[in-house]
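Need a 3D model of the sequence below.
(one chain, ligands or ions: 1)
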Amino acid sequence: MTPETPSSSGSDTSKPGGCKSEERLMVAVRIRPMKPDEPTKVLYALNKKTIVLEDIDKSDVIRQKKGVERQYLYDVVFGEDSTQEEVYKVTTKTLITDILNGYNGTVFAYGATGAGKTHTMVGTRSEPGIMIRALNDLFEAVKGKEEEYSVIMSYLEIYNEQIRDLLNPSSGFLELREDSKGKNINVAGLSEISTTSTDEIMQLLHKGNKARTMEPTAMNQTSSRSHALLSVTVRHSVPVDKKDHLKIRVKQGRLFMIDLAGSERANKTKNSGKRLQEGAHINRSLLALGNCINALSGGARYVNYRDSKLTRLLKEALSGNCKTVMIAHVSPSSTQKDESRNTLIYAERANNITNKIERNVLDVSYHVTQYQTVITELRDEISRLQHKMKEERPRSADVRKLNSEERRKEVQELREQIVETFKTQMKLRRKLMEIDSHLLSLGMESERQHMIISHWESRNNKLYKNSLNESRARTQQSMRRRTYTADGFRSAGYEQEEVYDTDNEEGETAIQQAWLELTDIEREQDRWSELRTHIEQKLEACRQRGVSLEDKLPTLLSSDDEREILALMCRVHELEADKMALQSERLVRQHELRRRDLLILRYDRQRQLSEEIITRQRQIMEEKKLSLPQDLQELYQLYQQEIHASTYTDFGITQTASSLTPDVLPPISRTRILTTELSSSDLSAVSPPSSAESGDSSVDRVMGHPISRHGFSKLPPVPPSPPVRPKKSGLSSVRRSHSDMRLNSTEEM
Ligand SMILES: Nc1ncnc2c1ncn2[C@@H]1O[C@H](COP(=O)(O)OP(=O)(O)OP(=O)(O)O)[C@@H](O)[C@H]1O
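Sure thing, here's the model as predicted:
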């Protein structure tokens, strides 16, 4: 369902318009009007960007006197009297032009149950919401240009972690699939309607909305119990050169419009049975979304999207190539105060997310011309061969008749067998290439998962553990602690601080996830290695057969013409082989690039670890007032000199490491002075980014990471390098997409 955009699909793309720009996620908050049965108002828009929440607790006399209220600042705030048109114009209308220009965009409505999400996204016939308005505008823009534009729409819901096609509800539950790079996520079997008829689309949308799972709850009579995701893809094809219609440039933009289910508290909604279970699912996916938002806003390197289908589908929108707008919804009523506060905090965090936006432009001409040359050459060869065969056949037949009819048949049979063997060999070789490529990707993903584990273990100040059970036991313990409360499943966004104040827990989840991924990867590696051996054996047998067939040829061929025909046949084979070699080279180059990225990551990690070791050693020595042996002292000085060389020069600090006290380490206070003399950006140049980014620019960072004080009596062992298997290397997604390659595919050959 996520855009299978040319730029993100990793295909060869030239990107004439593809420059990247950073864009912060836009956060808007809409306050719904008070309802007649709601008693007091505690929330209002102060101006177009600020919301005030009166946080008066009637039982707290002191706070009441102070009149406690909190202000929240956003990109835009819509008050109770805001219109559908106004909300659409400010949040979504500008995205329409972007989509037509080949960008991706997402608008999602977030908020507690009954806060007005469906009203904003879907609306009513008399007051249509964002979905209808955006579709209208898109169709208006492409009207009369049907040849250039194609518009494709799909609409799904996630209910109880199951995906349903809202345009074809009878199709049952659908599966989520990822591509080999874990980038393009799509829903297998989802209907994609291609049309430029506004009326048809509107009917489909209404049909889809009717099919959505809705139930009355204590908080909302028409509560949507599912997340609804509407996607519209617009492809715009324009010839690059008017004279050459083959040179086409395609821009593809995609707009996601999402009406999330409401976050809720079990005790407040008075839900039980089925409703309670739904609520648990809703909250789990919203909690996963909250965790992603939290991790992204804090600039975390690892963000776990895998906890729910919702976050997997929103991965691109939140972290990738997408302009994203979040419309948070709140009720002004005092009865909803807690829910509103949580939504406001959620939205505040989302304000810090930044995405890298890139236009999806694919120069199809590049592919067309490249393949055209190869195809033309091949066709030339084939037609020459056919010509030759026609020309020579009568003479050749005469010769064969003169000799023996039987011998002619035998030659023909032999030729057919050779061609067949060659074709089979080609198939098997291609299969081997695919398997090798897949194994390499698995190997790299495995390495990546090991790095994730190592990163979090050291961030949580624990040693690298090479054991799934140990990691799992610890992680499950912490999961149990946070997941349940007395009133059932904890709502996303509630007790925020507890959930968000848990870097440790985030790490444990990431480690657990990584171990699970590794187990899957290894299983997959075994499966594919087995298949590889099987195909290799088949190929060898096929090659042997080919050799023995070719050996028979000299004894059968009697004329030069026959030899020439066979030579040309071989040439066609060679061309086929060359084509395959070209493909394999490209594959190898792609893998080389990915492997280089991984090596850089690993080097970075090793450097961080060595800094950490040095820092801890230093601390132990200083605490125990140990004097250093001369040679170690010199090594420390050298190290520090290396680290500071550029800084000393750049900032005209003439004192070098050699002028520091000779028999003790450079005093911390001295280093502290140095660091405070530098600006924060300079500091980051001195001290490489630490995995334990804490925003703390203390002295320890100069020689390594900040260190926890529960002292090591001896140095911890260096975490072992990830066990990388030869010819094998981590994306779970790789595994999934390639699992489509059937294991028994060899049987077809
Ligand atoms: N801005 C608004 N103007 C007028 N009525 C509104 C507005 N926002 C919400 N409402 C009304 O409030 C009620 C609840 O709104 P809605 O169903 O959109 O909430 P929701 O957040 O989608 O809830 P749930 O998550 O339970 O589906 C509806 O009757 C809706 O018409």
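
Neighbours of Glu530, how many?
11 (other CB atoms under 10 Å). Any C-beta I mention is one placed from the backbone N, CA and C, and that applies to glycine too.

Tell me which residues touch it, please.
With contact set as CB atoms under 8 Å, 6 or more residues apart in numbering, Glu530 has no partners.

Also Thr83?
Glu127.

pLDDT value on it, please?
In this model, Thr83 is scored at 96, pLDDT.

secondary structure element for the nearest residue to Gly102 once chain neighbours are set aside?
Take Gly102 and drop its neighbours on the chain: the residue closest to it by CB to CB, 6 or more residues apart in numbering is Lys251, 3.2 Å away. Per DSSP states H and E: Lys251 is located in strand 248-259.

what's that strand packed up against?
helix 94-100, strand 104-111, helix 117-121, helix 130-142, strand 227-239, helix 309-319, strand 361-363, helix 364-403 (3 or more CB pairs under 8 Å, 6 or more residues apart in numbering; DSSP states H and E).

Could I get the average pLDDT for the first one?
The predicted model gives helix 94-100 an average pLDDT of 90.

what's it packed up against?
strand 104-111, helix 130-142, strand 227-239, strand 248-259, strand 323-330.

Pipe the ones you listed into TSV and attach mean neighbour count per row.
Output for those, formatted as TSV (neighbours: other CB atoms under 10 Å):
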stretch	mean neighbour count
strand 104-111	26
helix 130-142	20
strand 227-239	21
strand 248-259	24
strand 323-330	26
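
any idea what sits nearest the residue of the stretch 151-300 of the chain found nearest the ligand, other than its immediate chain neighbours?
Residue nearest to the ligand within the stretch 151-300 of the chain (CB to the nearest ligand atom): Gly262, separated by 2.5 Å. Distances taken as CB to CB, 6+ apart put Thr113 closest to Gly262, at 2.9 Å, once the chain neighbours are dropped.

For the one you found, the count of nearby residues, please.
Neighbours of Thr113 using other CB under 10 Å come to 27.

So what's the predicted local confidence for Glu23?
Value for Glu23, per-residue pLDDT: 66.

Equivalent analysis for Tyr110, please.
91.

quick one: the closest residue to it other than its chain neighbours and the ligand, what's the gap?
Leaving out its chain neighbours, the residue that sits closest to Tyr110 by CB to CB, 6+ apart is Ala328, at 5.0 Å. Taking CB to the nearest ligand atom, to the nearest Å as the measure, Ala328 falls 11 Å from the ligand.

isn't Ala328 right next to Val107, touching?
No - under the criterion of CB atoms under 8 Å, Ala328 is not in contact with Val107, lying 11.9 Å apart.

quick one on the thing from earlier: now render the helices and strands packed on helix 94-100 as CSV, adding distance to Met34.
As requested, the helices and strands packed on helix 94-100 are exported to CSV (distance: least, CB to CB, whole Å):
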stretch, distance to Met34
strand 104-111, 16
helix 130-142, 23
strand 227-239, 26
strand 248-259, 22
strand 323-330, 12
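
of those, which approaches Lys41 most closely?
strand 323-330 (11.6 Å; CB to CB).

What pairs with that closest one, parallel or antiparallel?
Taking DSSP bridges as the criterion, strand 323-330 forms sheet pairs with strand 26-31 (parallel), strand 104-111 (parallel).

Go through the ones you listed and find the least confident stretch.
strand 104-111 (a mean of 90).

send the alpha carbons of it over as PDB?
C-alpha atoms of strand 104-111 as PDB (Å, rounded to 0.1, in the frame of the first residue of the first chain):
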ATOM      1  CA  ASN A 104       4.100  11.600  -1.300                       C
ATOM      2  CA  GLY A 105       1.800  13.000   1.300                       C
ATOM      3  CA  THR A 106      -0.100  11.700   4.400                       C
ATOM      4  CA  VAL A 107      -2.800  13.200   6.500                       C
ATOM      5  CA  PHE A 108      -3.900  11.400   9.600                       C
ATOM      6  CA  ALA A 109      -6.500  12.100  12.200                       C
ATOM      7  CA  TYR A 110      -5.600  11.200  15.800                       C
ATOM      8  CA  GLY A 111      -7.500  11.600  19.000                       C
END
